[in-house]
Structures are given as C-alpha cells and as structure tokens.
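Asker: Next one to model:
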Amino acid sequence: MTKFWNNISQFLRFFFSVIIGFFLTTFHTIFELLKEENKRLTISIIIIVFISIITIILRQMLGIK
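Answerer: Residues are numbered from 1 along each chain as shown. Here you go, the predicted model:
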C-alpha cells in the first residue's frame, strides 16, 4: 500500500511541475514581447479580446446574464 501512495505523490509532483512549466514558458514569451515598444499595444489588445471572448462564451454556455 505504501508503494501506491508513493506513486500517487510522484504523479502529483510531476503534474504540478508540468503545469508550472507550461505557465512559465507561456508568460515568459509574452513578457519578452511586451518589452518591445511597438508590440506592447498589439499584444495587450489580443489578450483583452481573448479574455472577452472567453467570458462571453462562458456566460452563454452557463446562461448567466
């Protein structure tokens, strides 16, 4: 039984490290793009539009007005 719990704890560590690695890789790229003056406005608009679209879709799916 201890082998089972050991495997579960190793899986959780692996899972969290994959999630953290994904976000660090994604945000690092976005922050590098935001350092350039001419791309800052474009990236900001894309992020705002993306969040707005996701919000509208979720409200429609959940029936929230």
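
Asker: Which helix runs longest in this structure?
Answerer: Taking DSSP state H as the criterion, the chain has its longest helix at helix 2-34.

Asker: So which other helices or strands are in contact with that one?
Answerer: Helices and strands touching helix 2-34, by 3 or more CB pairs under 8 Å, 6 or more residues apart in numbering; DSSP states H and E, are helix 37-62. Placement of C-beta: from N, CA and C, glycine included.

Asker: Run the angle between the helix it packs on and helix 2-34 for me.
Answerer: 130 degrees (axes from the mean of the first three to the mean of the last three CA atoms, to 10 degrees).

Asker: which helices and strands does helix 37-62 pack with?
Answerer: The contact analysis (3+ CB pairs under 8 Å, 6+ apart) places helix 37-62 against helix 2-34.

Asker: quick one: buried residues of the helix it packs on?
Answerer: By neighbour count on 16 or more other CB atoms under 10 Å, the buried set for helix 2-34 is empty.
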